[in-house]
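1. Generate coordinates for the sequence data below:
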Amino acid sequence: MTVRVPAKVNLQLGVGPIRDDGYHDLVNVFHAVSLFDTVTAEPARELEVRVQAAPHSRVAIGGVPTDGDNLAAKAARLVADRLGVEPRVALRIRKAIPVAGGMAGGSADAAAALVACARLWDDRERPALSRDALMELGADLGSDVPFAVLGGTAVGVGRGERLTPALTRGTFHWVFATADGGLSTPAVYGECDRLRLEAGRAAPWPSVSEELMTALATGDAKGLGAALSNDLQPAAVSLRPSLRRTIDAGRDLGAVGALVSGSGPTCAFLAETAEDAADLAAALDGAGVAEQVVRASGPVPGATLL
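-> Numbering: from 1, shown residues only. Below is the predicted model of the structure:
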């Protein structure tokens, strides 16, 4: 069973106060884009994970675990526990989503493993696991996993795992500039808290941007670009100052919107048309402000069996 799963970009990431469980309250507008990992699940004597870069991809996979710490392996165990079977499966992961890049590559692989293993172990004697059930399981693995199952565009609240699909018209064209090396998500959240404390600012309660939702519903790329926001961006730039140069370069080269994707360090640039995206990608590549420049479009479906 092979499942294709997309990367995501956060169109809005509003970070609220720290909750009693240590997480932050979030408003997270997820948008799935056409940059895909694939996960293949095959019967095996025991659970094993192999990871490789996708063809024509320069993704660095050295930091991806291949033991029980891999989120896809944890996903396989969750499905096995739910179905009452042994997790005897070999997972083959081909990555095109940047590792530790703020585009939820690990969560995407977990979502793909949920879908692939549920189908691999499907048995007529018991009810099949629904997409909603897989999203519920995914929430136990991480805030981004349920959206990778769902795809499209959606608003996430709580830790980001409670999702409501968002009305989106048309296709949006993106350029992503990856950086050399990743950023730790916990470190970025910690830096966000530190910067707020240093500035004497209480964390605001986040709410969904009406301007952003209107731009999505009308297919207005310029309006969407103006409404993009990420409360983690100052923290990511503080930890990786070179990101400021990348963001500024993208804006100067014609992007209608620019922001750090999630916890970074990948930077996302919105173009008005596919042709504009091609021009922007070429210009960014020539500017030398990124490790790699890739194009994608969205929204696209979530984890899909091939």
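2. Would you map the strands across the protein?
-> Counting by DSSP state E, one finds strands in the chain at the ranges 2-18, 24-43, 48-53, 89-95, 153-158, 162-165, 172-178, 229-230, 257-260, 267-271, 292-298, 304-305.
3. Quick one: closest of the ones you listed to Ala203.
-> strand 2-18 (4.3 Å; Cβ to Cβ). No exception for glycine: its C-beta is placed from N, CA and C like everyone else's.
4. can you give me how far that closest one is from the chain middle?
-> Mean-position distance between strand 2-18 and its chain equals 4 Å (Cα atoms, centre = their mean, to the nearest Å).
5. Note down every partner strand of it and its orientation.
-> Sheet pairing of strand 2-18 (DSSP bridges) gives strand 24-43 (antiparallel), strand 229-230 (parallel), strand 304-305 (antiparallel).
6. follow-up on the earlier one: want to throw the strands of the chain into a markdown table with distance to Asp248?
-> As requested, the strands of the chain are exported to a markdown table (distance: least, Cβ to Cβ, whole Å):
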| stretch | distance to Asp248 |
| --- | --- |
| strand 2-18 | 19 |
| strand 24-43 | 22 |
| strand 48-53 | 30 |
| strand 89-95 | 29 |
| strand 153-158 | 27 |
| strand 162-165 | 33 |
| strand 172-178 | 12 |
| strand 229-230 | 16 |
| strand 257-260 | 8 |
| strand 267-271 | 10 |
| strand 292-298 | 15 |
| strand 304-305 | 36 |
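7. out of those strands, nearest to Gly138?
-> Of the strands of the chain, nearest to Gly138 by Cβ to Cβ is strand 162-165, at 10.4 Å.
8. helices or strands up against the closest one?
-> helix 145-150, strand 153-158 (3 or more Cβ pairs under 8 Å, 6 or more residues apart in numbering; DSSP states H and E).
9. swap the cut-off to 6 Å and go again
-> strand 153-158 (3 or more Cβ pairs under 6 Å, 6 or more residues apart in numbering; DSSP states H and E).
10. Need the CA coordinates for the strand it packs on. PDB is fine.
-> As requested, C-alpha coordinates have been extracted for strand 153-158 and formatted as PDB (Å, rounded to 0.1, in the frame of the first residue of the first chain):
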ATOM      1  CA  THR A 153      -7.400  24.200   3.600                       C
ATOM      2  CA  ALA A 154      -8.600  24.100   7.200                       C
ATOM      3  CA  VAL A 155      -8.700  26.000  10.400                       C
ATOM      4  CA  GLY A 156      -7.200  24.300  13.400                       C
ATOM      5  CA  VAL A 157      -7.900  25.300  17.000                       C
ATOM      6  CA  GLY A 158      -6.800  24.000  20.400                       C
END
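11. distance between that strand and the chain's centre?
-> With Cα atoms, centre = their mean, you get 13 Å for strand 153-158.
12. Strand partners (parallel or antiparallel) of that strand?
-> Sheet pairing for strand 153-158, using DSSP bridges, gives strand 24-43 (antiparallel), strand 162-165 (antiparallel).
13. per-residue pLDDT, the residue of the chain positioned farthest from its centre?
-> Using Cα atoms, centre = their mean, the residue of the chain lying farthest from its centre is Glu125. It sits 35.2 Å away. Looking at Glu125, its pLDDT reads 72.
14. The one 5 residues further on too?
-> In this model, Ser130 is scored at 93, pLDDT.
15. go on, Ala80?
-> Confidence score, pLDDT, at Ala80: 96.
16. From Pro127, how far off is it?
-> 16 Å (Cβ to Cβ, to the nearest Å).
17. Would you mind telling me which of the two has more residues around it?
-> Ala80 (18 against 10; other Cβ atoms under 10 Å).
18. give the contact list for the more buried one.
-> Pro87 (Cβ atoms under 6 Å, 6 or more residues apart in numbering).
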